[in-house]
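Participant: no sequence for this one, just the structure:
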DNA sequence: GCCGCCGATGTAAACGATTACATCATGCAG
DNA sequence: CTGCATGATGTAATCGTTTACATCGGCGGC
């Protein structure tokens, strides 16, 4: 492998000069700069990242710790992070599927000297608790609401508000028996969406029937199965709010298979507004959240925090969600309404 | 930040001993090993990645270069890579959206000293040509068929065979006017799938009507728009093969909107077999490819190549695809058939 | 003509680990 | 008792950069 010394020797200058040419910080005479660039290009020289990191104490890399990644959500958040990171000359080191607290900690240690900051998504409540107790080595931004750990800022989705708005919407359409299909147990998003559902019912003075809360785990099949169970009830629901679109789509399939009409016999709504939602039959009413924006905001916040070390930004930010009404809920017309433009500073 | 020296001092030993304890290579007396571990844990010591990389010349990281990432495909391939990589103690550095050859080269340079090997996916033909001319710094595995560059192995999806099988299947159902919705221009997967479509028609002695090849770009909307154009033809097709499922789903929507029945009036098939395909109405016939396995294979191949430097593995491997017949194509029954178990050694 | 400044360049000390080699005590064979 | 292998540990060179500091020539102000 060819190093800065090789370039220096062949260009007849010292390593310091070569370094200056490439970093562009100190003044270098035009003559030598051209000469060095020439030699560098001919030799195919590229600075050794590790060596640079060692001396500058900056890696130009941000780490991303994600849970096991379901579907498009993962792509989108990474895309948002990667785009803003690269724009600032940063790389992205990803690591996924850290359910066990121990594994999570190991991953975190391994990042030492490899990243300048971290974006961590730990929707699992147990892992999250563990996280709070870890020594904070570098700037960190949490995805999802940071209930406890006061050591980092966070960015979350308006889960509660979104779910509340959706269920309220269903109520406004005249539904009184509204079921929900929940997300995975112990998942924070799932819990918050369920909370929004319950609160909306309570706000409207409707009873909370436990039989109408069917378990799911965010994938299509669990939505299908949950819908089948709900339809088999003595008094089946007239509306169904799934905690994400994948499950809603599974539910649509189950409902059709039972020979029922959507939305006439039963209204359906989802959460996430994945691209495919509008192409369903009928098009799926959902809560739109801009996942890529979530990643982008997180990256931006992290980069800011890294720029001004010390004055860490402990803000908890909530990304607004938008109600997208389509045919599956039986509402008269389409259109989107904004809700919860909240940006809560604690 | 706390270094190996701090641990050494507090434990009353030399840095060498601490290093030995952490790497576990050389023998260390049980007494001191415990002592060092104790101090290390108390101080929260973690070895500095960059420093290790510099001296050992190994980063324990593999780089992944991806094009702009559409939908679930991206998640899946990354998941496959990340899982196998982590199992071997490797990290994953991702970088996406490199369309421009210049940008791609810059990204590649920036990896120097940060990764031990690379997985590169460059479906764009122009970028791919550029790639072949780059000096090969480290072991590399290409995703998608490596037409030219003889400097690396590759793993590809059975695009041609999959499309061929699907179109042949439609022909066997009696269709003679079969349209296709193509993927993005200049995209290799798209080109190969189109090739498979054309060859299947030719093999069956059917004419190739250019009007039946509608442009798309892999997203839902383009599928919707393309289907509208096809339906407006004087002699509309009786079957439709979309180059991916997203476009097929957009097409389903357009066809319904035109008041036509699927599959009675027009049969529809896709490619990729995304999880949602089976939940469509009607369930979507598609070509199943295991994307996560693609990433996994790529990672495994790369890790192998890195383990035995020099004897690079220039094999071109093709991952088999499976025909998944559901209701949308109007075939009598369901079930999957394997095709193209090809693993071509060149 | 001298002084000081400035711009261009070189010298060498870091950065934090790994590891070949040296050192040293210990135990055991002869 | 001597010599040597062995196991535990320390010393110091090394990886490829960046950067504070030194050097040096030229130039303008006085």
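Facilitator: Here it is on my side, so go on. The model shown is predicted, which means the values in this text are computed figures rather than measured ones.

Participant: tell me the centre residue of chain A?
Facilitator: Chain A has residue A:77 as the residue nearest its centroid, 4.7 Å off, counting by CA atoms, centre = their mean.

Participant: can I assume that one sits in a helix?
Facilitator: Yes - per DSSP: H, G, I helix; E, B strand; the rest coil, residue A:77 lies within a helix segment.

Participant: pretty sure it contacts residue A:290?
Facilitator: No - the pair residue A:77 / residue A:290 is not scored as a contact, 10.4 Å apart, by CB atoms under 8 Å. For the C-beta atoms, the positions are set from N, CA and C on the backbone; glycine is no exception.

Participant: any idea how far the residue nearest to the centre of chain A is from residue A:120?
Facilitator: Distance of residue A:77 to residue A:120, computed by CB to CB, to the nearest Å: 12 Å.

Participant: Which pLDDT value goes with the nearest residue to residue A:140 once chain neighbours are set aside?
Facilitator: The shortest distance from residue A:140 to any non-neighbouring residue, by CB to CB, 6 or more residues apart in numbering or on different chains, is to residue A:152 (4.1 Å). On pLDDT, residue A:152 comes in at 71.

Participant: buried set for the host helix or strand of residue A:8?
Facilitator: Using DSSP states H and E, residue A:8 falls within helix A:4-11. Along helix A:4-11, these residues count as buried under the neighbour rule (16 or more other CB atoms under 10 Å in any protein chain shown): A:4, A:6, A:7, A:8, A:10, A:11.

Participant: Contact residues of chain A facing DNA strand D?
Facilitator: A:1, A:3-5, A:15-16, A:19-20, A:22-23, A:25, A:45-48, A:51-52, A:54-56 (CB under 7 Å from any atom of the strand).

Participant: pLDDT below threshold where in the stretch 151-300 of chain A?
Facilitator: Scanning the stretch 151-300 of chain A with the threshold set as pLDDT under 70 gives A:151.

Participant: if you go through it in chain order, where are the strands?
Facilitator: A:153-157, A:178-181, A:213-214, A:239-242, A:267-269, A:286-288 (DSSP state E, counting those that start in this stretch).

Participant: Same list, the ones you listed, but as TSV with distance to residue B:95 and mean neighbour count please.
Facilitator: Formatted as TSV, these follow (distance: least, CB to CB, whole Å; neighbours: other CB atoms under 10 Å in any protein chain shown):
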stretch	distance to residue B:95	mean neighbour count
strand A:153-157	23	23
strand A:178-181	37	28
strand A:213-214	41	20
strand A:239-242	35	31
strand A:267-269	37	28
strand A:286-288	28	26
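
Participant: next one: stretch A:195-215 to chain centre, how far?
Facilitator: Distance of stretch A:195-215 from the chain centroid (CA atoms, centre = their mean, to the nearest Å) equals 26 Å.

Participant: Distance across that stretch, terminal residue to terminal residue?
Facilitator: 14 Å (CA to CA, to the nearest Å).

Participant: go on, stretch A:20-32?
Facilitator: Stretch A:20-32: ends 11 Å apart by CA to CA.

Participant: what's the offset of it from the middle of its chain?
Facilitator: The answer for stretch A:20-32 is 42 Å, by CA atoms, centre = their mean.

Participant: how about it: buried residues?
Facilitator: In terms of neighbour count (16+ other CB under 10 Å), stretch A:20-32 has its buried residues at A:20, A:21, A:22, A:28, A:32.

Participant: does the second one really touch residue A:36, like I thought?
Facilitator: It refers to residue A:21. Yes - between residue A:21 and residue A:36 there is a contact under CB under 8 Å: 4.4 Å.

Participant: Common neighbours of those two, please.
Facilitator: Residues within reach of residue A:21 and of residue A:36 at once, by CB atoms under 8 Å, 6 or more residues apart in numbering or on different chains, are residue A:28.

Participant: In contact with the residue nearest to the centre of chain A, which residues?
Facilitator: A:66, A:121, A:143, A:291, A:292, A:294, A:295, A:298.

Participant: mind redoing it with 10 Å?
Facilitator: Neighbour list for residue A:77: A:64, A:66, A:69, A:119, A:121, A:143, A:291-296, A:298-299, B:75 [criterion: CB atoms under 10 Å, 6 or more residues apart in numbering or on different chains].

Participant: Looking at those residues, which is nearest DNA strand C?
Facilitator: Taking CB to the nearest atom of the strand as the measure, residue A:64 is the one of those closest to DNA strand C, at 22.7 Å.

Participant: Tell me how many other residues surround that closest one.
Facilitator: A count of nearby residues for residue A:64, using other CB atoms under 10 Å in any protein chain shown, gives 27.

Participant: Which strands or helices does the host helix or strand of it pack on?
Facilitator: For residue A:64, the element it lies in under DSSP H and E is strand A:61-65. Applying 3 or more CB pairs under 10 Å, 6 or more residues apart in numbering or on different chains; DSSP states H and E, we find strand A:61-65 packed against helix A:71-87, strand A:91-95, helix A:101-110, strand A:117-121, strand A:140-143, helix A:291-307, strand B:91-95.

Participant: Show residues contacting stretch A:228-237.
Facilitator: Under the contact criterion CB under 10 Å, 6+ apart, stretch A:228-237 has outside partners A:170, A:175-181, A:209, A:211-215, A:227, A:240, A:250-251, A:253-255, A:257-260, A:265-267.
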